[in-house]
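A.B. asks: sequence and predicted model, in that order:
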Amino acid sequence: MNASFLFGLLVPLGLANPPPVEPVDDGDAVCALLYARPFRLDRPHDYPWMRGHPPVTEGLIVVVEVDPKLARLRQVASPVLYVGDTPAERVNIAASEGRVVLIVPGRPDLTQMPVYLGSVELPERVDAQRGALELEAARAVGVEPFDETEVQAAYARGGAELHLSGSAALYHAAADLVEVWSPEDADQADNLRAPAP
Amino acid sequence: MPPGWIVCIDGDAVHCDEAGDVASRETCEEGWECVEGQGCMKLPDECDLTPNWVLCIDEEAVTCDEAGDVVSRETCFGEDICIEGVGCAPCHVDLADAVVGEEDEEDPGIVVAAAPLHSPLALVRMRALTLTSSTPGAMVIVDASGVSLFDGDGLALATPASFAQGELPATLYVGGEAAAEGQVTATFRLGDCGEVSDTVNVRVVDWAGLSGVPRDGFPWFSYVDAFNATGPAWVALDPFRFADRVGLAADVYVVEHREAEAWASDPTLVDVTGTVETLTVAGDSVASNVVEVWSTLDPDGQVARPLDVVLDFDRDGAYGPGDLLDGGDTVGLAAVKDLSAEGPHKVVMAQYSGGSWLGQVLYYPQDIGTMGQVPLVVVSHGNGHDYTWYDYLGEHLASHGYVVMSHQNNTGPGIETASTTTLLNTDYFLENLDNIEGGVLLGHVDGHRIVWIGHSRGGEGVVRAYDRLVEGDIEVTAYSPSDIVLISSIAPTVFNDVTESDPHDRPYHLIAGAADGDVTGGPDCVQCQFFRIAQAATGDTHVTYVQGASHNDFNCCGFDDGTGPDLIGPEEAQAVAKAAWLALLEGRVEGEPLLMEYLSRLYDDLHGSSLAETTVVANQYRVDREGDLIVLEGFQNGSDIAISDCGGSVSYDGDVLREGKLDDRDSVLGWTEGDPYNGMTQAVDTVDATRGGILEWSEGDANSLSFEIPEGFGDWSGYGFLSLRAAQQTRHPWTVALDGPLSFTVTLVDGSGAWSSIDFGVVGGLTTPYKRDGLGSGSGWANEFATVRLRLIEFQADGTPLDLTHIVEVRFDVGADVGSALGRIGFDDLEIVP
């Protein structure tokens, strides 16, 4: 997570082969679980954050606090943020303060599945096999799930399951959380709620 | 005497009557004589057998009447000779040009600029010859060789053509579509005149125009058409090319551009600069015939105010035969506004969403309702960016009359997803014009002229989107691949192979900053090597590489990633970008080609007028691979450095010449002998095929790199430029030692051994690599390839004899006497282009 580590992210990545599984996280990159709320959708949410675009009908909206240096989205050297073996969808930019709103497919047990920064790769290229390798590698470097107390507190902040119509409503809900948890992205939250023409 | 007889007494005829008396006495008139028994009788004379004719007898013209009598006798003198049937008359035929005197018609002859023969302006562009003959009865035969002749009605004249006296005087027009030497001859053969003729020698010369920029060295003047309205513009005439004008004076008019038909119907000259300059053509050099036509000129509310130049040699205030026109069929020159400054239209912004990942910001001219169909510019942002961060771009282009839509771009998952967003947002927009902004744009967006501009992952996304569109990988309803008329990427990533993120044959533009701290362009990061996409493009390709610009200088609000010295900041970086895009759109999409000079000339030679003089930019321009070009050397055919792509031999007598893949081998920029392609990021080993050359010379050396031009490749007539791409190689000791712009001399040799050389340093040099640290020892970042384009006609400046139809060698001469004292460069794409 220091400068030399970031520099290491820029090592040449061959195109013919996927990049090596080298999680950026050393166990401390994702510092806190701030919020978690289950949701259910009437119409599936297209989810291009994994190979195959699995449709998502239920999941979690999560807010985590990430080391700001690593949370900042870049073009090339951006690690994938995983929940367990699944890439999470990042909603906001979080350029400075590291508060990141996530859409997570399914209902992972956050007391069992760690939230971490995996390798530098494009999420759309991550398949189940790669996801499993990332989880394994993350655990190997000491990444652990949040403790139960923190998870319960996050769910307590989130409240009951959201029942939404589909993607647009999901993004509106996420935008509301962006506004609350990551004020630096308030403009982005507004943009997510742009009206119909 | 018998009665009734006629006797002759002292020449008189005396008639006797029957009585033997004198009945009458008649004195015979002159020419008559008395004949015994007959009286006064006419004597036989020259006219007896030739009534109604003119006889020539001892240079005397004897005119006979109908009765066969001599009417008059005239002694011919002076230039007149006696011509049977005509009388005293000169043996004369004349082909007269209005500009040059009779004495110059054969040497140097008259000079005509090559021009289309079937334009409304064709006759005016030609030279008018007046055919006369003062020899009555002469049947004049006009013939021409090497040039085309037209009659006074503009009809092509089949030669030889006959002209009877009654058809004279006649006006003939002479011209040609290509450089040629020829002549026009008028001849008649008549009686004692024998064969009489007059000849006008005609030279048709290639036409580079009149407007341009003076230079401090050969060729002394570069012919260009684009000028900043805030800066001077010049006009010049090469006295060797137009030798017939030497000594003549012409009024120099800069006038509003007129199409050919308008010129033909109204040749009146109305100068717009405030002063009609006068040029008296000196014979020594084009450098002596340069006239500044404006110091500043109001662009008149236009991006490029289109103008023409006329050298009015007959000084009658009208354009006519013998005058020279730079313009008409195309714009002669233009006064270009500050390309970074806002345009004349007020801009309306709107924001809306059509659903998930269909958030859009729209910028359009407030008066769109009064406009026709305008191009659509779609902006696709990068990762961690937002679609509302490109106001500077949207407002700028909309203020110049474009509709701009910036959309939410799903870059987080990757390039494939981003490309989907670009494709679907474009489709949504075009499909919903009746809903968006109350339908104000309906009927005013040209769905067949779509420009995609993407930043970063979005910059690769737009290229990938085009590839998918071509491959039919995704279904859209409102447009097709041919509707994408331009793709521009700002510092794009290159996650995919360039066979997938492939601009194909689309006009492609890449703009990137040397201080980019994200997509760095560095050799350590394959996904950052954006030059690869430009290299893969096969259509017209432009690169604008900006020193001191960061990744997020090209949006409003990204984090500060600037890395390196002399950061120029977002305002200047965006100004450079705005100028480049406006020139691209006006030039390539709206069809005003002279604006492309802002991307094809060296940046030091031409850039937007408000851009800082300290800003350093390298411009690359590679012409369409499928276009009409002659590839001399692109280093793509095998690995034999001694043989060029066109099959000619290659030799170099200096330190280092090598060719190979343009791929930095060790992924750092510190110089080592083991990585001869240090800093090259145009290719990735095993994936890209792009190769290029390396040339090195040491201080104190004078070396030459020679390319033999084999048969079949040496006729460059009809082409515009010799073009090559070159860059100083970063961190090489010679580059470090030079520490400044680099140039060398290009020499062309023709089949007769004649040669001509231009040191392109008179125009500008190859930029010093941006002095950014990192990636090894030393400082210096990318190898900043720039395209050097030398106009072929300028190798013939000041009468330099060089046969462009038969070039046998191109030579790069290097060393202190002909350019930079030392250096090491990468070079590629030595071509002859339109």
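C.D. replies: Here it is on my side, so go on.

A.B. asks: tell me the SS of the residue of chain A found nearest chain B?
C.D. replies: Relative to chain B, the nearest point of chain A is residue A:73 (2.8 Å; C-beta to the nearest C-beta). Heads up, the C-betas are built off the backbone N, CA and C, glycines and all. Look at residue A:73: counting by DSSP: H, G, I helix; E, B strand; the rest coil, its state is coil.

A.B. asks: tell me the contacts of it?
C.D. replies: With contact taken as C-beta atoms under 8 Å, 6 or more residues apart in numbering or on different chains, residue A:73 is in contact with A:90, A:93-95, B:383-384, B:412.

A.B. asks: what about residue B:175, neighbour count?
C.D. replies: Residue B:175: 24 surrounding residues under other C-beta atoms under 10 Å in any protein chain shown.

A.B. asks: so what's residue 85 up against?
C.D. replies: Using chain A. Per C-beta under 8 Å, 6+ apart, neighbours of residue A:85: A:113, A:128, A:131-132, A:134-135.

A.B. asks: meant chain B actually
C.D. replies: Counted by C-beta under 8 Å, 6+ apart, residue B:85 has contacts B:53-54, B:137, B:191.

A.B. asks: what does residue A:43 give?
C.D. replies: A:165-167.

A.B. asks: which of the contacts of residue A:85 are buried? Put it as a PyMOL command.
C.D. replies: A single PyMOL command selects the buried members of the contacts of residue A:85 (16 or more other C-beta atoms under 10 Å in any protein chain shown):
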select buried, chain A and resi 113+131+134+135
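
A.B. asks: closest to residue B:470 out of the contacts of residue A:85?
C.D. replies: residue A:128 (31.2 Å; C-beta to C-beta).

A.B. asks: next one: the closest one from residue A:134, what distance?
C.D. replies: Distance, residue A:128 to residue A:134, by C-beta to C-beta, to the nearest Å: 11 Å.

A.B. asks: what does residue B:812 give?
C.D. replies: The value you get for residue B:812 to residue A:134, if C-beta to C-beta is used, is 53 Å.

A.B. asks: now swap in residue B:355 and tell me
C.D. replies: Counting by C-beta to C-beta - residue B:355 and residue A:134 are separated by 31 Å.

A.B. asks: returning to that earlier point: mind pulling the model confidence for the residue of chain A closest to chain B?
C.D. replies: The score at residue A:73 is 94. That number is its pLDDT.

A.B. asks: next one: residue B:68
C.D. replies: For residue B:68, the model assigns a pLDDT of 88.

A.B. asks: swap in residue B:1?
C.D. replies: 60.

A.B. asks: same thing with residue B:326?
C.D. replies: At residue B:326, pLDDT is 96.

A.B. asks: quickly list what it is bridged to.
C.D. replies: residue B:309 (DSSP bridges).

A.B. asks: residue contacts, it?
C.D. replies: Contacts of residue B:326 by C-beta under 8 Å, 6+ apart are B:209-211, B:235, B:308-310, B:332-333.

A.B. asks: with pLDDT and distance to residue A:57 as added columns, please give those residues in a markdown table.
C.D. replies: Below are those laid out as a markdown table (pLDDT from 0 to 100; distance: C-beta to C-beta, whole Å):
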| residue | pLDDT | distance to residue A:57 |
| --- | --- | --- |
| B:209 | 95 | 67 |
| B:210 | 98 | 71 |
| B:211 | 98 | 67 |
| B:235 | 98 | 72 |
| B:308 | 98 | 68 |
| B:309 | 98 | 70 |
| B:310 | 98 | 74 |
| B:332 | 97 | 66 |
| B:333 | 98 | 64 |
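
A.B. asks: looking at those residues, which one is closest to chain A?
C.D. replies: residue B:333 (41.4 Å).

A.B. asks: just give the nearest non-adjacent residue to the closest one, would you?
C.D. replies: Of all residues not flanking residue B:333 in the chain, residue B:211 sits nearest, at 3.9 Å (C-beta to C-beta, 6 or more residues apart in numbering or on different chains).

A.B. asks: close to chain A: what parts of the stretch 651-800 of chain B are there?
C.D. replies: Residues of the stretch 651-800 of chain B lying close to chain A by C-beta under 8 Å from any C-beta of the partner chain are B:667, B:684, B:686-687.

A.B. asks: and with 6 Å instead?
C.D. replies: residue B:667 (C-beta under 6 Å from any C-beta of the partner chain).

A.B. asks: now swap in the stretch 351-500 of chain B and tell me
C.D. replies: Going by C-beta under 6 Å from any C-beta, the residues of the stretch 351-500 of chain B near chain A are B:351-353, B:355-356, B:359, B:382-384, B:386, B:388, B:412-414, B:416-417, B:435-436, B:456-457, B:493, B:497.

A.B. asks: just checking, residue B:648 touches residue B:708?
C.D. replies: Yes - counting by C-beta atoms under 6 Å, residue B:648 does reach residue B:708; the two are 3.6 Å apart.

A.B. asks: thinking again about what came up before, and the residue of chain A closest to chain B, what are its phi and psi?
C.D. replies: phi -70, psi 130 (degrees, to the nearest 10).

A.B. asks: so how far is chain A from residue B:737?
C.D. replies: 29 Å (C-beta to the nearest C-beta, to the nearest Å).

A.B. asks: can you tell me the SS state at that residue?
C.D. replies: Taking three-state DSSP, the label given to residue B:737 is helix.

A.B. asks: likewise residue A:134?
C.D. replies: helix.

A.B. asks: which residues of the stretch 151-300 of chain B fall in helices?
C.D. replies: B:260-265 (DSSP state H, counting those that start in this stretch).

A.B. asks: can you check chain A too?
C.D. replies: For chain A, the helices defined by DSSP state H cover A:3-8, A:68-71, A:128-140, A:148-158, A:167-181, A:186-192.

A.B. asks: mind putting the ones you listed into a markdown table with distance to chain B?
C.D. replies: Shown next, in a markdown table, are these (distance: least, C-beta to the nearest C-beta, whole Å):
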| stretch | distance to chain B |
| --- | --- |
| helix A:3-8 | 9 |
| helix A:68-71 | 10 |
| helix A:128-140 | 13 |
| helix A:148-158 | 22 |
| helix A:167-181 | 4 |
| helix A:186-192 | 5 |
